[in-house]
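**Q** Okay, structure incoming, though there's no sequence with it:
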């Protein structure tokens with residue numbers, strides 16, 4: 001589905017920010033948040049422009065030193081997955097319902113939520129959102145990105161532990177494969193970034 005691929009490419013272009021804007025945003029955060037967050041996508045009320053913005057924590061990537069050479073483009077693609085719910089709302093709703101209905105991904109989402117609600121001392125980050133809001137606004141997008149981009153060849157250290165053998169379930173996995181196809185992504189090729 002070339003239309004979805006074009007829509008995603010347009011969303012990536014429209015949500016880009018300059019390195020200076022990104023640095024300014026992350027440097028304004030408290031130390032604990034700045035040290036924890038690799039990137040942030042602001043949407044509508046979260047954004048000072050009221051338009052989607054992708055902000056990259058360049059200082060964190062530079063300090064860490066492990067990212068691949070195309071990490072910016074891969075990160076922009078991954079963050080743009082937060083916009084899928086606006087680009088293709090019917091597909092996103094179908095992915096959400098499938099993940100919430102199927103046993104394996106549902107349990108994985110619940111476990112992630114339980115961990116996120118814990119204190120930082122316990123390995124969480126004091127998540128305050130409701131479970132459905134946590135899934136819709138964050139975790140489901142991470143699962144989608146992990147399925148599409150996660151592997152040891154990723155440019156992003158945060159994606160190295162993600163892989164297709166995680167508990168995606170049968171039905172949800174099939175829908176993710178369909179999404180990859182419609183975005184023009186194969187296991188060896190991604191039109192949005194390079195892993196070479």
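**A** That came through, no problem. The structure displayed is predicted, hence computed values, not measured ones.
**Q** So residue 40 is in contact with residue 47, correct?
**A** No - taking contacts as Cβ atoms under 8 Å, residue 40 lies outside contact range of residue 47: 10.1 Å. For glycine as for every other residue, the C-beta is placed from the backbone atoms N, C-alpha and C.
**Q** quick one, which of those two is more surrounded?
**A** residue 40 (19 against 15; other Cβ atoms under 10 Å).
**Q** The closest residue to residue 23 other than its chain neighbours: what's it in contact with?
**A** Nearest residue to residue 23 in three dimensions, chain neighbours excluded: residue 58, at 5.9 Å (Cβ to Cβ, 6 or more residues apart in numbering). Going by Cβ atoms under 8 Å, 6 or more residues apart in numbering, residue 58 touches 19, 22, 23, 26.
**Q** For residue 58, give me phi and psi.
**A** phi -60, psi -40 (degrees, to the nearest 10).
**Q** Next one: it, what pLDDT does it get?
**A** In this model, residue 58 is scored at 97, pLDDT.
**Q** quick one on the thing from earlier: can you add secondary structure, distance to residue 67 and neighbour count and give the contacts of residue 58 back as TSV?
**A** Compiled in TSV, the contacts of residue 58 are given as follows (DSSP: H, G, I helix; E, B strand; the rest coil; distance: Cβ to Cβ, whole Å; neighbours: other Cβ atoms under 10 Å):
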residue	secondary structure	distance to residue 67	neighbour count
19	helix	14	12
22	helix	14	21
23	helix	16	16
26	helix	15	21
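**Q** and of the residues you listed, the nearest to residue 51?
**A** residue 22 (15.3 Å; Cβ to Cβ).
**Q** May I ask which two of the contacts of residue 58 are separated the most?
**A** Farthest pair in the contacts of residue 58, by Cβ to Cβ: 19 and 26, 10.6 Å.
**Q** any idea how far the residue in the chain sticking out farthest from the centre lies from residue 32?
**A** The outermost residue of the chain relative to its centre, with distances by Cα atoms, centre = their mean, is residue 121 at 24.2 Å. Distance of residue 121 to residue 32, computed by Cβ to Cβ, to the nearest Å: 11 Å.
**Q** for the record, mean pLDDT for stretch 152-164?
**A** Across stretch 152-164, pLDDT averages out at 93.
**Q** residues making contact with it?
**A** 38, 64, 66-71, 73-75, 78, 145-147, 149-151, 173, 193, 195.
**Q** Let's see that with 10 Å instead.
**A** 38-39, 61, 64-75, 78, 142-143, 145-151, 173, 176-177, 187, 193-196 (Cβ atoms under 10 Å, 6 or more residues apart in numbering).
**Q** likewise stretch 188-196?
**A** Contacts of stretch 188-196 (Cβ under 10 Å, 6+ apart): 5, 8-9, 12, 68-78, 80, 148-149, 151-156, 159, 180, 183-185.
**Q** Please narrow those to those residing in helices.
**A** 5, 8-9, 12, 71-78, 80, 148-149, 180 (DSSP state H).
**Q** Considering these, which possesses the most neighbours?
**A** Ranking these using other Cβ under 10 Å puts residue 78 first, with 28 neighbours.
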